[in-house]
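A.B. asks: What follows is a protein structure lacking sequence information:
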C-alpha cells in the first residue's frame, strides 16, 4: 500500500527503486574512479572523462525533460561535484547545455503556439542583462564562495520543487496595464481537451523584476533557469502551464546566450567538456520525452528532487571544505 | 470543432531562423569536435595534457596554456580546440539572427514598442559577444 502511495503504481515504484541507485552510482563513479586510480584523476586516460561525461549527461537529459527542469540545473552541481573539472568550466558548459536544449526545442514550440514571443521578449531582455552581471560576478568570486552559494541554491531549488504548486490554467481576472500595452495574450490548442484556450497575464512589472533575479542566478551559476522560469510564468504571471514551459525555452535561449558569450570571451568554455555534455544531454532528452509516455512524470520528479538534494549537499560540503 | 489558431506573424520567421541556425551550429560543433578528438586538426593544448589543466581556475588555465581570450580563436581555426568554438559561437549567435529576422514584421505592423525591445536585446547580445566586458 505504501508503495502505491509513493509512486502511484507498483511498476513505477520498482522502476524508481532500480533507477535511483543506478543514477547515483553513475554520478559518483567519476569521483570514486579518480580516488581509486593510482596517482588520482591525472593518471586516467584523457578520453575516459569526456566519455563518462557524455554518458552521465545522457542520463541527466533523460530525467530533465519528464521532470520539467532544464538540463543545466542538474548538470552543474553533479558534474561540478563528481568530475575533476574546475567549476568555471563546468558553469560555462552548463550554460551551453541549457542554451542548446532550448534552441533545439524552440522552433516546434513556436509553430504550435506553445511558446509566445511577445511574452518572452521583454522578460528575456531583463534576464539577458542580469545574466551578464551574474556571469561577471561568477568568474570573479573565489571558488569556495561560488561552490557554497551553488550548494545553497541547489538545495533551495529542490525545496521549491517540493513545495511549489502548479496551475494548469490559472485564472487571470484582469490583465495589467503593461501587459495590455505590450499586447501579451494568446490562444493555444489544448490537445487533451481538444479546446482552444485563450490566456492573458497579470503582474507584469513584478515578473520583470523576478526575471532580472532569475537571469542573474542563471549567469552566476551556469544552471540555466527552467526551474524558475516555469513557476514564475505560471504562478506569478498567470500563464497556462504548457505555454509557460514552452516560453521558458525561448527566454532561456536568449538569456543563456548573453552569459555564454561572456564565458566564451573569457576562455571559460573548454570544448572537451562542453561538447560531450551537449551531445549526451540532447540524445538523453529525446529518450526522456518518450519516457513521459510510459512513466508518471511525478515519479521522475521525485527522483530528480532526490538527486538534487544529494548533489546540493555534496556541493555545499565541498564549498565548505568538509567533503572535498 | 475548434477553429484553427493563427499564431502571431513574428513567430514563424523566428522559428525558421532558429531551426536553420541551430542545425548549422550543431553540424559545425560535432564535425569540428570529431576533427579535434581524432587529431585531424592538431590541438593547441595536447589532449593528453588536459587532465593536468582542466582542474585549474580559468585565469590559471589561460596563463598555463597561453590560450588567448576574446575573438582571437577565430584566427586559429587550424587548431582543433579553437575550431570547436565555432559551433558554440554559431549557437550563441542564433538568437541575434532570430531577432533581426522579426524586426521587419514588427516594422510592417508599426509596433514600435517591440522594435525597441528587439533593438535593445540585440545591443545587449552584441555587447556581450564583443568581449567589452571581458576581464582577461
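C.D. replies: Structure's in. What do you need? None of the values given here were measured: they were computed from a predicted structure. Numbering: from 1, shown residues only, chains lettered A, B, ... in the order given.

A.B. asks: who in the stretch 1-150 of chain A is up against chain B?
C.D. replies: When proximity is defined as C-beta under 8 Å from any C-beta of the partner chain, the stretch 1-150 of chain A approaches chain B at A:41-42, A:44, A:46-47, A:49-50, A:84-86, A:88-89, A:96, A:99-100, A:103-104, A:106-108, A:110-111, A:113, A:115-118, A:121-122, A:124-125, A:128-129, A:132, A:136, A:139-140, A:143. The C-beta positions use only the backbone N, C-alpha and C, and glycine is treated the same way.

A.B. asks: Name the spans of chain A whose pLDDT lies under the cut-off.
C.D. replies: Applying pLDDT under 70 to chain A picks out residues A:1-43, A:66, A:68, A:289, A:292-293, A:295-297, A:324.

A.B. asks: ok, which stretches of it are helices?
C.D. replies: Using DSSP state H, the helices of chain A run over A:2-7, A:10-36, A:48-67, A:71-82, A:87-111, A:117-140, A:143-163, A:177-182, A:204-221, A:226-231, A:241-265, A:271-294, A:297-319.

A.B. asks: Mind putting those helices into TSV with distance to residue B:58 and mean neighbour count?
C.D. replies: Listed next are the helices of chain A as TSV, based on distance: least, C-beta to C-beta, whole Å; neighbours: other C-beta atoms under 10 Å in any protein chain shown:
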stretch	distance to residue B:58	mean neighbour count
helix A:2-7	43	13
helix A:10-36	21	15
helix A:48-67	18	23
helix A:71-82	14	29
helix A:87-111	4	28
helix A:117-140	6	24
helix A:143-163	11	18
helix A:177-182	39	16
helix A:204-221	15	23
helix A:226-231	25	26
helix A:241-265	9	28
helix A:271-294	12	21
helix A:297-319	18	20
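
A.B. asks: can you redo those as JSON lines with distance to residue B:52?
C.D. replies: Shown next, in JSON lines, are the helices of chain A (distance: least, C-beta to C-beta, whole Å):
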{"stretch": "helix A:2-7", "distance to residue B:52": "45"}
{"stretch": "helix A:10-36", "distance to residue B:52": "13"}
{"stretch": "helix A:48-67", "distance to residue B:52": "12"}
{"stretch": "helix A:71-82", "distance to residue B:52": "19"}
{"stretch": "helix A:87-111", "distance to residue B:52": "14"}
{"stretch": "helix A:117-140", "distance to residue B:52": "22"}
{"stretch": "helix A:143-163", "distance to residue B:52": "18"}
{"stretch": "helix A:177-182", "distance to residue B:52": "52"}
{"stretch": "helix A:204-221", "distance to residue B:52": "26"}
{"stretch": "helix A:226-231", "distance to residue B:52": "34"}
{"stretch": "helix A:241-265", "distance to residue B:52": "22"}
{"stretch": "helix A:271-294", "distance to residue B:52": "13"}
{"stretch": "helix A:297-319", "distance to residue B:52": "21"}
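
A.B. asks: Quick check: closest non-adjacent residue to the most centrally placed residue in chain A.
C.D. replies: Residue closest to the average C-alpha location in chain A (C-alpha atoms, centre = their mean): residue A:70, at 2.6 Å. Closest residue to residue A:70 apart from its sequence neighbours, by C-beta to C-beta, 6 or more residues apart in numbering or on different chains: residue A:226 at 3.0 Å.

A.B. asks: sorry, back to before: how about the residue nearest to the centre of chain A, what does it touch?
C.D. replies: By C-beta atoms under 8 Å, 6 or more residues apart in numbering or on different chains, the residues touching residue A:70 are A:64, A:98, A:101, A:102, A:223, A:224, A:225, A:226, A:227, A:248, A:252.

A.B. asks: coming back round to it: relative to residue A:169, which of the helices of chain A is closest?
C.D. replies: Closest approach to residue A:169 among those is made by helix A:241-265 (7.6 Å; C-beta to C-beta).

A.B. asks: counting contacts, what elements does the closest one pack onto?
C.D. replies: Contact analysis of helix A:241-265 by 3 or more C-beta pairs under 8 Å, 6 or more residues apart in numbering or on different chains; DSSP states H and E lists helix A:87-111, helix A:117-140, strand A:185-190, helix A:204-221, helix A:226-231, helix B:80-108, helix B:112-130 as its packing neighbours.

A.B. asks: If I take it and helix B:112-130, what angle do their directions form?
C.D. replies: Angle of helix A:241-265 versus helix B:112-130, following axes from the mean of the first three to the mean of the last three C-alpha atoms, to 10 degrees, is 40 degrees.
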